Structure formats: structure tokens, C-alpha cells
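Asker: Any chance you could fold what I've pasted below:
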Amino acid sequence: MANLREISRRMSSVRSTMQITRTMEMISTARIQKALGRAEEAGPYKDAITNMLANVAGAGSDGAHPLLMPHATERHVLLIVVASDRGLAGGFNILQQRAAESEMHALNARGIRTSIITCGRKPTEYFTYRKIKPALSFVGSSSEPTIDQADRIASYVMDGYVAGKIDRVVLMYWHAKNRVDQVQVSEQLLPIRKEKLMMPNQPRTSEAMSEVKHELFPNYSFEPSATEVLGYLMPAYFRTVIYHALLDSAAAEHGARRRAMQSATDNAKEVLSTLGRTYNRERQGAITTELNEIIGGASALEDK
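Answerer: Predicted coordinates for the structure are as follows:
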């Protein structure tokens with residue numbers, strides 16, 4: 001009977017856990033559509049400002065803008081790592097954190113100094129625990145990012161690049177392809193690649209690159225100069241790209257958590273099924289033993 005009570009307690013514990021995972025799955029399912037909608041709504045603005053930047057840089061700029069000029073030597077690389085504040089999302093956080101850590105180790109092995117900006121409580125705690133203090137960290141807003149957060153990051157990276165303190169900036173985040181699938185993205189933010197100016201709205205996957213045609217820009221005249229126009233466009237461009245990445249990551253987070261909680265719920269059902277069969281087997285064995293004892297006792301009384 002003690003074994004039956006233990007199995008019963010385990011079944012009760014699994015049922016409680018399954019209720020939690022099912023509830024979290026339902027919450028993420030409800031939130032993911034809204035998050036995807038926000039990312040999709042921001043997409044056209046990002047594409048428009050990227051095209052505008054490409055037009056100005058490709059048609060009239062002499063390439064002298066400091067944010068368009070790569071530095072002679074690469075001594076310091078900044079990584080912007082976008083993850084989440086909460087766990088229970090499968091490999092959403094840990095895969096991103098390990099990818100950033102691996103990139104930092106590879107750069108350090110080449111004698112290149114690295115620093116990091118973390119968006120989300122999980123990456124902030126991960127790197128702080130490893131004695132890597134983020135240059136900037138943002139917690140508490142991974143599911144509802146704000147434009148102010150993107151503005152602070154954009155200002156930091158632009159000022160650092162123009163001052164020569166940062167030589168390259170890489171943006172790492174999860175792209176939500178749809179409600180089910182997420183893809184890790186590592187995008188060079190600074191210096192802006194020439195390919196970006198020739199192909200402003202590049203696909204995130206390499207297999208689609210061959211289908212995109214390079215843009216041919218008409219001749220424009222600028223007043224003031226194209227370089228001055230770029231000076232106004234650049235802050236808006238970086239702020240928009242970073243903000244879109246934050247929104248995209250928020251949608252991916254809900255999708256990853258929904259899938260993880262669905263998997264956990266399915267696993268709990270399997271465990272319950274296995275425990276139920278074990279419980280019934282043990283109960284049947286206990287009943288059989290009791291019956292044998294009763295029959296044996298009755299036989300002993302008859303013999304007397």
C-alpha cells in the first residue's frame with residue numbers, strides 16, 4: 001500500500017504541473033498573435049527607411065559619413081544580445097547566450113576585445129554570473145519592448161563607433177518566421193555593409209539571396225548635401241532596425257514558450273499514462289495478494 005500511495009502522490013504532482021504548463025501554453029498562444037502583429041506592423045516602416053537610406057547613400061553620398069566607413073583595424077566588437085526576461089521557453093535563451101559567448105571567445109582568441117549589450121533578464125544574469133558586465137542592460141521589457149530602449153542602444157553604438165571606441169556592432173536576436181518556427185539571426189549593424197546599400201531589404205535566410213536583384217538608383221541632387229541628409233537618416237535607421245529586432249524577438253519568445261509548454265504538457269500526459277498503468281498493476285497485485293491470504297486463511301480453518 002505504501003507503494004500505491006507514493007504512485008498516487010506522483011500522479012497528483014504531475015497533474016498539477018500539467019495544469020501549469022497547459023495554462024502557460026494557452027497564455028503564450030493568446031499573446032503570440034498580438035506580438036506577431038506588432039512586428040509585422042513595424043516591418044514596412046523598417047523597409048521604407050532602409051530603402052531611403054540605400055537611395056541616399058547609393059545615389060548621392062560620397063561615402064564619407066563616419067557610420068559608412070569601416071575602421072582600418074578591428075580592435076573592439078560590440079554584441080547586442082536580445083533574449084527574454086523569463087525562462088520556460090525551451091532553448092530560446094540558452095542557445096542565444098551560448099552563441100554570443102562562443103562568438104566572444106572566438107574574437108578574444110584573435111586578440112579582439114569584446115563587449116556586450118543585453119536585452120532581457122536571462123542574458124543579463126548569464127553574463128554577469130560569468131564576470132562579463134554588460135555595457136547596457138535592459139530587464140523587464142522583453143515581451144513589451146519600447147522605442148526608448150531602442151533609442152538608447154542606437155545612441156550608444158553610434159557614439160561609440162564615431163568616437164572610434166567600437167569597430168563593429170553585431171545584433172543577435174530570434175526572428176519569428178511564424179507562430180511555430182523561430183530562426184536565430186546574427187546581423188552586422190555597423191559598419192553598414194555595401195551589400196546592404198545595394199540590397200536594402202535582404203532576406204534573413206541565405207537560400208533566398210539569389211532571388212533578390214540589386215537595386216539601380218537614379219541620379220538625385222541633394223540640398224543640403226547627401227552626407228548631411230544621411231546624418232538625419234542614420235539615427236532613425238538604427239533606432240528602427242533595433243526596435244524591429246526587439247519586437248521580432250518578443251514574438252519569437254512567445255512562440256518558443258508555447259511550443260515548449262505544449263511539449264511539456266504532452267510529456268506530462270505520457271508520464272501520467274505510464275504511472276496509471278503502474279498504479280493499476282500494483283493495485284491488482286495487492287488485491288490478488290489479499291485474496292490469496294483470505295483463501296489461505298479459510299483453508300486453514302477448514303482443515304481444523
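Asker: Please make it C-alpha for all contacts and neighbour counts, starting now.
Answerer: Noted.
Asker: Can you tell me the closest non-neighbouring residue to the residue nearest the centre of the chain?
Answerer: Among the residues of the chain, Trp174 comes closest to the average C-alpha position under Cα atoms, centre = their mean, at 3.8 Å. Distances taken as Cα to Cα, 6 or more residues apart in numbering place Gln184 nearest to Trp174, at 4.6 Å, with adjacent residues excluded.
Asker: A strand includes the residue nearest to the centre of the chain, no?
Answerer: Yes. Assessed by DSSP: H, G, I helix; E, B strand; the rest coil, Trp174 belongs to a strand.
Asker: thought the residue nearest to Trp174 was touching His175?
Answerer: Yes. Here Gln184 reaches His175: they are 6.2 Å apart, a contact under Cα atoms under 8 Å.
Asker: Which parts of the chain are strands?
Answerer: Using DSSP state E, the strands found in the chain span residues 76-82, 113-119, 136-138, 168-176, 182-190.
Asker: now the ones you listed in a markdown table, with distance to Gln149 and mean pLDDT?
Answerer: Below are these laid out as a markdown table (distance: least, Cα to Cα, whole Å; pLDDT from 0 to 100):
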| stretch | distance to Gln149 | mean pLDDT |
| --- | --- | --- |
| strand 76-82 | 12 | 94 |
| strand 113-119 | 9 | 93 |
| strand 136-138 | 8 | 91 |
| strand 168-176 | 14 | 91 |
| strand 182-190 | 16 | 88 |
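Asker: which of Gln184 and His175 has more neighbours?
Answerer: His175 (24 against 17; other Cα atoms under 10 Å).
Asker: Could you check how far that one is from Thr114?
Answerer: 24 Å (Cα to Cα, to the nearest Å).
Asker: got it, and His105?
Answerer: Noted for His105: a distance of 9 Å to Thr114, by Cα to Cα.
Asker: How about the contacts made by the residue nearest to Trp174?
Answerer: Applying Cα atoms under 8 Å, 6 or more residues apart in numbering, we find Gln184 in contact with 96, 172-175.
Asker: quick one on the thing from earlier: distance to Gly160 added to the strands of the chain, as TSV?
Answerer: Formatted as TSV, these follow (distance: least, Cα to Cα, whole Å):
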stretch	distance to Gly160
strand 76-82	10
strand 113-119	12
strand 136-138	13
strand 168-176	10
strand 182-190	11
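Asker: Out of those, which is closest to Glu40?
Answerer: strand 168-176 (10.2 Å; Cα to Cα).
Asker: Could the C-alpha coordinates of the closest one be exported in PDB?
Answerer: Output of strand 168-176 as PDB, limited to C-alpha atoms (Å, rounded to 0.1, in the frame of the first residue of the first chain):
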ATOM      1  CA  ARG A 168      32.000  46.600 -35.300                       C
ATOM      2  CA  VAL A 169      28.500  46.000 -33.900                       C
ATOM      3  CA  VAL A 170      26.600  42.800 -34.300                       C
ATOM      4  CA  LEU A 171      22.900  42.400 -33.500                       C
ATOM      5  CA  MET A 172      21.800  38.900 -32.300                       C
ATOM      6  CA  TYR A 173      18.200  38.000 -31.900                       C
ATOM      7  CA  TRP A 174      15.500  35.500 -32.800                       C
ATOM      8  CA  HIS A 175      13.300  36.000 -35.900                       C
ATOM      9  CA  ALA A 176       9.700  34.700 -35.600                       C
END
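Asker: what angle do it and strand 113-119 make?
Answerer: Orientation of strand 168-176 against strand 113-119 (axes from the mean of the first three to the mean of the last three Cα atoms, to 10 degrees) gives an angle of 30 degrees.
Asker: what are the pairing partners of strand 168-176, and which direction each?
Answerer: strand 76-82 (parallel), strand 182-190 (antiparallel) (DSSP bridges).
Asker: and these, which is most packed in?
Answerer: strand 76-82 (a mean of 24; mean count of other Cα atoms under 10 Å).
Asker: Check the burial of the spatially closest residue to Ala42 that is not a sequence neighbour by counting its neighbours.
Answerer: Using Cα to Cα, 6+ apart and skipping the chain neighbours, the partner closest in space to Ala42 is His244 (6.3 Å). By the measure other Cα under 10 Å, the count of residues near His244 is 24.
Asker: now Ala109
Answerer: 10.
Asker: Am I right that Leu246 is in contact with Ile147?
Answerer: No. Taking Cα under 8 Å as the definition, Leu246 is not a contact partner of Ile147, at 9.3 Å.
Asker: more neighbours, these two?
Answerer: The neighbour count for Leu246 versus Ile147, taken as other Cα under 10 Å, is higher for Leu246 (29 against 15).
Asker: What pLDDT does the model give that one?
Answerer: At Leu246, the predicted lDDT confidence score is 92.
Asker: Could you measure from it over to Arg152?
Answerer: Taken as Cα to Cα, the span from Leu246 to Arg152 is 13 Å.
Asker: Same question for Leu53.
Answerer: Taken as Cα to Cα, the span from Leu53 to Arg152 is 21 Å.
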